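S.K.: Fold the following and give me the result.
(2 chains)
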Amino acid sequence: MSWLIGALIFWALAWGANIWLANGRFRASLSVRIFVPVLFGITILVLWEGVVRAFEVSPVILPAPTQVAETFAASTDLLWQDFEQTVLKGALRGYVIGALAAFLTAVAIDRSAFLTRGLLPIGNFVAALPIVGIAPILVSWFGFDWQSKAAVVVVMVFFPILVNAVQGLRETDAQARDLMRTYAAGYTQSLIKLRLPAALPFVFNGLKIAATLALIGAIVAEYFGSPTRGMGFRISTGVGSLSIDLVWAEIAVAAMAGSALYGAIALIEKRVTFWHPSQRT
Amino acid sequence: MRSVLPVLTVLLVIVGVWWASVAPMNIRVALDMAERGGAEVIPEGALPRREVSVWRLMADNPSHIAAGYTLDRPRLPTPTQVAGELWNTTGAMVERGRAFSRRSLIYHGWITLRSTLWGFLLGTTLGIVGAIAIVYSRVAQMSLLPWAIISQTVPIVALAPMIIVLSNQVGIEGRGVPKAIISAYLCYFPVLVGMVAGLRAPSLSQLDLLKTYSATGLQSFLKLRLPSSVPFLFTSLKVGIAAALVGTIVGELPTGAISGLGARILIGDQFGTPLAIWSALFAAAILAGVLVTLLDVVQRVTLSRMGMRP
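M.R.: Next comes the predicted model:
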């Protein structure tokens, strides 16, 4: 019981500290803005640990964070191998191919107002569909290895990026476009100097949405057959053999990979679209 | 209305491309079947044929191309085959009075829809409560919002098998609850973000005006913040319901469920019946379209009643 009481006391203290910090003098400083959510996250881990230890929850149901951390440290080789298979080979390659294809398609259909009007509603509709369902079909077409995972990812990220890029390319106002015309700029010039930069915030929005989709697609596709490695494979077999701590370690890797990918894109966005109003703080 | 013609054109092109790709996708299977039936095929044997490109195969065996459009287990079915299978498992079942038999997609669609709606309800409630907490409490904003964003980078499907094992161990029977949890997880975030933006939509001068009327906090919430968040809410709800449906289907995929559209896809994969997969996929797409359209109609009606234009 002492574990639970300790965890609850920690919770109360941390919550108090957060209230004090959030209403205190330094609430706008960067260190406080980072410290508060971190402390909140640590509190949840401590509570989880306390509950698991106090009620002696079976590790088959819910392993304690320390146990997950131990498993994580003990099986880094395995986790790296799965990470390489699923994220580096499947998700990232599919993401890059899908993003490039969507972007080129967007530029191509942007020349025709007819196509844009016809494609936007359909693209919006397809982006809302449960596309991961096509995973078994693509696995049967492209085989068990990473190629089929990359194919699922390509299809999943294509439409969100396409819709956003097309919308972004139409974003400039008539005045700016007319100005370009008075400079005697051709289509290519006004595309590169005016419309592509204006489209960037939208493109990055699509890229950020697609980052999570890419991981989901790569992992789900592995449920329909994969070589004996990969995060989806490990998770489905780990649940079957009740090695839940390994499953949680994989989930931690997936969360870190997802956050890293999202963070990297957000960082590039900040560097590239620093001029956009949404980046002002 | 202006976009009807372009949309129809694009749809027509998609169907055309689909139709045209059926021939190269299915030629190998068609030739295998023809050879087994005793017909002349160039080159003979499935193994040597693997070395030859599909275009070469089609040029050498023009009389067998048509067979690719009528296969029982095609790699790529034709649009009419998918439409026929959809009709056989929905409309035709209704005509025979067996709309809710286990072979009917109406039954499986209903199972999926039920979990989706429960998850949608749960996720929307969570999102709205979270948004209110974030708008009114600085602590909640500083500690919750970063984690809400991080939670979206966790691929939820990684958690799907876990959640189902967990709820089994805790003693929850059936798969409805875990599926609803997964779809709630996927749909709370758009609602949260939209509602935070919506509740903050009133300008400072509007809030100050209410203060001069000596309105209480609750009154300014009910009469100003809540109404002005409605357009934001509906936009989020449309994203959220689509996400909730994806969540339910993903929840049915890796877990050996036996009913629901996701389970139909899984079973179709295990028994090697591509037509079942395709018809379940299209049923899911139609369901998503109907749900989003319904919300769109409700949005238009509500906003015009409130005197706002959507």
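S.K.: Only the buried residues of stretch B:105-114, if you could.
M.R.: Neighbour-count burial for stretch B:105-114, counted by 16 or more other C-beta atoms under 10 Å in any protein chain shown, picks out B:105-113. (Glycine included, C-beta is placed from N, CA and C.)
S.K.: State the mean pLDDT of that stretch.
M.R.: Predicted confidence along stretch B:105-114 averages 87 (mean pLDDT).
S.K.: Enumerate the residues of the stretch 1-150 of chain A near chain B.
M.R.: Counting by C-beta under 8 Å from any C-beta of the partner chain, the stretch 1-150 of chain A comes close to chain B at A:15, A:18-19, A:21-23, A:27, A:32-33, A:36-37, A:39-41, A:58, A:60-62, A:114-122, A:125, A:128-130, A:132-137, A:139-141.
S.K.: Return the subset of those residues lying in helices.
M.R.: Of these, the ones assigned to helices by DSSP state H are A:15, A:18-19, A:21-23, A:32-33, A:36-37, A:39-41, A:114-122, A:125, A:135-137, A:139-141.
S.K.: Quick one, which of the residues you listed are buried?
M.R.: Taking 16+ other C-beta under 10 Å as the criterion, what is buried in these is A:18-19, A:21-22, A:32, A:36-37, A:39-40, A:115-122, A:125, A:135-137, A:139-140.
S.K.: show me the contacts for the closest residue to A:Gly50 other than its chain neighbours.
M.R.: Using C-beta to C-beta, 6 or more residues apart in numbering or on different chains and skipping the chain neighbours, the partner closest in space to A:Gly50 is A:Ala7 (2.5 Å). Applying C-beta atoms under 8 Å, 6 or more residues apart in numbering or on different chains to A:Ala7 gives the contacts A:46-47, A:49-51, A:54.
S.K.: who wins for most neighbours among those?
M.R.: A:Gly50 (22 neighbours; other C-beta atoms under 10 Å in any protein chain shown).
S.K.: For that residue, give me its contacts.
M.R.: Shown in contact with A:Gly50 (C-beta under 8 Å, 6+ apart): A:3-4, A:6-8, A:10.
S.K.: And these, which of them are buried?
M.R.: So, by 16+ other C-beta under 10 Å, the buried ones in these are A:3, A:7, A:10.
S.K.: Counting only helices, which of those make the cut?
M.R.: Counting by DSSP H, the part of those found in helices is A:3, A:7, A:10.
S.K.: and which of these is nearest chain B?
M.R.: Nearest to chain B out of those is A:Phe10 (C-beta to the nearest C-beta; 14.7 Å).
S.K.: residues touching the nearest residue to that closest one once chain neighbours are set aside, list them.
M.R.: Using C-beta to C-beta, 6+ apart and skipping the chain neighbours, the partner closest in space to A:Phe10 is A:Val46 (5.1 Å). A:Val46 is in contact with A:7, A:10-11, A:14, counting by C-beta under 8 Å, 6+ apart.
S.K.: Could you dump those residues into TSV and include distance to A:Leu78?
M.R.: Formatted as TSV, these follow (distance: C-beta to C-beta, whole Å):
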residue	distance to A:Leu78
A:Ala7	31
A:Phe10	32
A:Trp11	34
A:Ala14	34
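S.K.: Could you save those residues as JSON lines and add columns showing pLDDT?
M.R.: As requested, the contacts of A:Val46 are exported to JSON lines (pLDDT from 0 to 100):
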{"residue": "A:Ala7", "pLDDT": "82"}
{"residue": "A:Phe10", "pLDDT": "84"}
{"residue": "A:Trp11", "pLDDT": "83"}
{"residue": "A:Ala14", "pLDDT": "83"}
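S.K.: From chain B, how far off is A:Ser29?
M.R.: Per C-beta to the nearest C-beta, to the nearest Å, A:Ser29 is found 12 Å from chain B.
S.K.: Backbone dihedrals for that residue, both of them.
M.R.: The phi/psi pair for A:Ser29 (degrees, to the nearest 10) reads phi -70, psi 150.
S.K.: Read off the pLDDT value for it.
M.R.: 78.
S.K.: That one: how many residues sit nearby?
M.R.: The local packing of A:Ser29 (other C-beta under 10 Å) involves 12 other residues.
S.K.: just B:Gln81 next, same as before
M.R.: Count around B:Gln81 with other C-beta under 10 Å applied: 20.
S.K.: And B:Pro238, how close does it get to chain A?
M.R.: I think there's a mix-up here, since residue B:238 is Lys and not Pro. The gap separating B:Lys238 from chain A is 8 Å, by C-beta to the nearest C-beta.
S.K.: show me the contacts for that residue.
M.R.: By C-beta under 8 Å, 6+ apart, the neighbours of B:Lys238 are B:292, B:295-296, B:299.
S.K.: Find the helix or strand that it is a member of.
M.R.: Assigned by DSSP states H and E, B:Lys238 falls within helix B:226-252.
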